[in-house]
Structures are given as C-alpha cells and as structure tokens.
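K.L.:
my questions concern the predicted model and sequence given below.
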Amino acid sequence: MTTLVPTPTTRGARRARRFALSSAVTLIILVLALYLGVSTYAASVVTLPQRDAVVNTPATFGARFEEVRFPARGGDVEIAGWYVPQVGATRAIVLVHGKDSSRSTEFDGRFSELAAALHDRGFTVLLIDMRGHGDSGAARFSFGLAERRDIIGAVDWLESQGFGRGRIGVLGVSMGAASAIGAAADDPDIGALAADCSYADIEPLLQRHWTNASGLPLIFLPSTLLMGRLMLGMDLASARPVEEIDDIAPRPVLIIHGAADAFTPVEHGRELAAAAPRAEYWEVTGAGHARSYAVDPQAYVERVARFFERGLR
C-alpha cells in the first residue's frame with residue numbers, strides 16, 4: 001500500500017487556504033461589527049429629540065394661561081402643558097406640535113397664537129410638549145407609537161378638570177398629527193380629531209429623508225430600525241396612521257395637508273383621506289410642511305374652529 005506524504009508545496013497551499021479563510025471570516029466579522037456599531041449609534045442619535053427654548057406663550061397673544069404637568073397614560077413620563085381655560089366652556093382642544101418642535105415653537109412660534117384664537121372662539125385649550133420635547137420628561141421619540149400616550153394623558157387630565165367624554169378634541173401637526181391619529185384610535189373619549197400634515201406610513205418617509213437626516217447610505221436604514229427596536233422595544237417602522245385612521249369613525253376627522261409639502265408629500269394626506277372616506281379633507285394651495293396656518297391664519301382658524309364646534313357636541 002502506498003502512503004502519500006504531503007509535500008512542502010501541498011502543506012503550504014493548505015496553510016494559505018486556511019489563512020485566507022480565517023482572514024475572510026475575520027473581515028466579515030469586523031465589517032458586520034462596524035455596520036451594527038454605526039447602526040446602533042445612528043439609532044441613538046436619530047431617535048433623540050431636539051429641545052427648543054421658549055419663544056412665545058399664550059400671553060404673548062393676550063391669553064392668560066397656567067403651567068400644568070401630568071403623567072402620560074401609563075405614567076412613564078411627565079408631560080408639560082399650557083392650560084388656557086375658558087370660563088364656562090364645556091369643550092376643550094389639545095394642541096400637539098411635531099418632531100423637534102414644541103408648544104412654543106410650532107408654526108414658527110405662532111402655535112400659541114392659534115391657541116389664543118381658538119380660546120376667543122369659546123374653547124378651553126391645552127398646548128402640550130410631547131415626551132422628550134420642550135419641558136416634558138426625557139424620552140426618545142417613536143414616530144407616534146409612544147407619543148399617543150402623551151395625548152391620552154392630556155385627555156385624562158382635562159377629564160379630571162370636568163370635561164366630559166367626547167367633549168375634548170385634538171389638533172396635531174406632523175408627527176403630532178400621526179400621534180393624534182393613534183391616540184384617537186385608541187381612546188374613544190377623544191371627540192374629534194384634526195390632523196395637519198401627518199404621514200400615512202413612516203417607512204417611505206424614512207427612506208425619503210434617511211441620507212439627508214443621518215448622513216448615511218440607505219443600506220444602514222434596516223439595521224438602524226432594528227437597533228431602534230431593541231432600544232425602544234417597539235418597531236418604529238410600524239407607525240402607519242393610514243391603518244388606524246378609519247378606526248376613529250364615526251367621530252369627526254379633519255385632514256389638513258399643504259399642497260406644496262416637500263417633506264411629507266401631499267400624497268400622504270390623500271392616502272389618509274382615502275382610508276377614511278367619512279373624513280373632511282382640506283388641501284391648502286401653496287402651503288409647505290406645517291405651513292397651512294401661515295398661508296392664511298384667519299382661514300385656518302375659521303376652518304378648524306367650525307370643525308370642532310360641529311364635532312364636539
């Protein structure tokens with residue numbers, strides 16, 4: 001029987017192959033670690049809200065207000081609010097800002113102007129800072145999945161002040177609108193909803209703005225969403241107001257969207273309207289993202305006030 005003895009050349013080739021395989025595996029591990037490390041950092045950064053300094057309050061526009069604080073539904077974070085009471089009022093409206101904004105800075109600092117105008121129409125108004133924003137407790141944002149509980153906490157607080165079920169309306173802007181859709185779908189005590197420039201589905205919007213917002217190529221978005229899910233315990237890509245908005249019926253819904261919205265394209269508003277055929281849809285010509293009020297404040301106040309006057313009965 002003949003025994004084959006490996007030649008130095010054969011042994012060298014095997015060592016070279018093992019080294020190449022080991023190097024390839026090491027490289028793959030390093031690349032994967034770097035990929036997940038960058039994604040983890042991106043998730044920690046992109047889910048951290050910005051905090052704005054106070055610009056205007058309701059007093060700036062002639063309305064007396066009170067500083068209030070109350071827990072979000074579930075008690076995980078404390079929410080700050082400005083309460084603008086109306087003597088004898090039986091209807092109240094909660095105003096909710098968008099991402100990286102606040103009760104003070106939304107509408108370019110004119111959110112309190114809207115509050116004062118609605119107060120003049122006979123409503124009690126409560127402006128809130130969503131979690132992680134303004135003066136509310138620290139938290140990461142979740143595109144409306146957790147923020148809806150901030151709004152429901154505001155409704156709970158207003159009910160503790162004597163406002164009845166179905167007598168409280170909510171107007172939300174941008175992410176605040178998406179949060180408000182979720183809140184109204186979850187809480188039947190909300191009597192009417194106005195959603196200004198909400199997205200229908202967050203994932204296409206994330207894809208649209210990912211590179212500009214993060215500085216990273218789109219390939220990092222899935223892993224960042226995964227890291228976000230591990231950090232927050234929820235799937236951020238599951239924020240789909242379009243799947244919840246018709247659950248609000250038969251309560252009144254007003255969908256507002258700027259026809260010139262370059263951030264959340266008007267197709268999102270139209271998609272929401274198609275999903276809620278009983279809703280009232282107002283497309284504002286020439287308005288960009290969260291700019292429908294700025295285009296014509298008087299028309300905005302009139303449309304919104306009449307909607308809540310009819311809806312909160």
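P.N.:
Received the coordinates, thanks.
K.L.:
now the helices for the stretch 151-300 of the chain?
P.N.:
Counting by DSSP state H, counting those that start in this stretch, the stretch 151-300 of the chain has helices at residues 175-186, 202-214, 221-232, 266-275, 292-295, 297-311.
K.L.:
so which of the ones you listed comes closest to Asp76?
P.N.:
Evaluated with Cβ to Cβ, the helices of the stretch 151-300 of the chain place helix 221-232 nearest to Asp76, the distance being 11.7 Å. No exception for glycine: its C-beta is placed from N, CA and C like everyone else's.
K.L.:
between helix 202-214 and that closest one, find me the angle.
P.N.:
Computed with axes from the mean of the first three to the mean of the last three Cα atoms, to 10 degrees, the direction of helix 221-232 lies at 100 degrees from that of helix 202-214.
K.L.:
residues near the nearest residue to Leu127 once chain neighbours are set aside, how many?
P.N.:
Nearest non-adjacent residue to Leu127, counting by Cβ to Cβ, 6 or more residues apart in numbering: Arg103, 3.9 Å away. If you count neighbours by other Cβ atoms under 10 Å, Arg103 ends up with 29.
K.L.:
ok, Arg103 - contacts?
P.N.:
For Arg103, the contacting residues are 80-82, 95, 97, 111-112, 127-129, 134, by Cβ atoms under 8 Å, 6 or more residues apart in numbering.
K.L.:
rewinding a little: make TSV out of the helices of the stretch 151-300 of the chain and add mean pLDDT, distance to Leu254 and mean neighbour count.
P.N.:
Below are the helices of the stretch 151-300 of the chain laid out as TSV (pLDDT from 0 to 100; distance: least, Cβ to Cβ, whole Å; neighbours: other Cβ atoms under 10 Å):
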stretch	mean pLDDT	distance to Leu254	mean neighbour count
helix 175-186	98	10	29
helix 202-214	90	21	15
helix 221-232	85	30	18
helix 266-275	98	10	19
helix 292-295	98	11	21
helix 297-311	98	5	17
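K.L.:
closest to Pro241 out of those?
P.N.:
helix 175-186 (4.2 Å).
K.L.:
low-confidence stretches in the protein?
P.N.:
Residue ranges of the chain with pLDDT under 70: 1-9, 11-12, 16, 18-36, 38-39, 41-42.
K.L.:
just so I have it, where are all the strands in it?
P.N.:
Assigned by DSSP state E, the chain shows strands spanning 66-71, 78-84, 92-96, 124-129, 168-173, 190-196, 253-258, 280-284.
K.L.:
one step back: let me have the helices of the stretch 151-300 of the chain in JSON lines, adding distance to Thr57 as columns.
P.N.:
Compiled in JSON lines, the helices of the stretch 151-300 of the chain are given as follows (distance: least, Cβ to Cβ, whole Å):
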{"stretch": "helix 175-186", "distance to Thr57": "18"}
{"stretch": "helix 202-214", "distance to Thr57": "30"}
{"stretch": "helix 221-232", "distance to Thr57": "31"}
{"stretch": "helix 266-275", "distance to Thr57": "30"}
{"stretch": "helix 292-295", "distance to Thr57": "17"}
{"stretch": "helix 297-311", "distance to Thr57": "18"}
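K.L.:
nearest to Gly88, of these?
P.N.:
For Gly88, the closest of those is helix 297-311, at 15.2 Å, according to Cβ to Cβ.
K.L.:
now the angle from the closest one to strand 190-196?
P.N.:
Taking the same axes, to 10 degrees, one finds that helix 297-311 is oriented at 160 degrees with respect to strand 190-196.
K.L.:
just the residues contacting helix 297-311, thanks.
P.N.:
Residues outside helix 297-311 that contact it (Cβ under 8 Å, 6+ apart) are 91, 93, 110, 113-114, 117-118, 121, 123, 169, 171, 191-192, 194, 251-252, 254, 256, 280, 282, 292-293.
K.L.:
buried ones among the contacts of Arg103?
P.N.:
Buried subset of these (neighbour count, 16 or more other Cβ atoms under 10 Å): 80-82, 95, 97, 111-112, 127-129, 134.
K.L.:
out of these, which one sits closest to Trp157?
P.N.:
Nearest to Trp157 among the buried ones among the contacts of Arg103 is Gly81, at 7.6 Å by Cβ to Cβ.
K.L.:
fine by me, thanks again.
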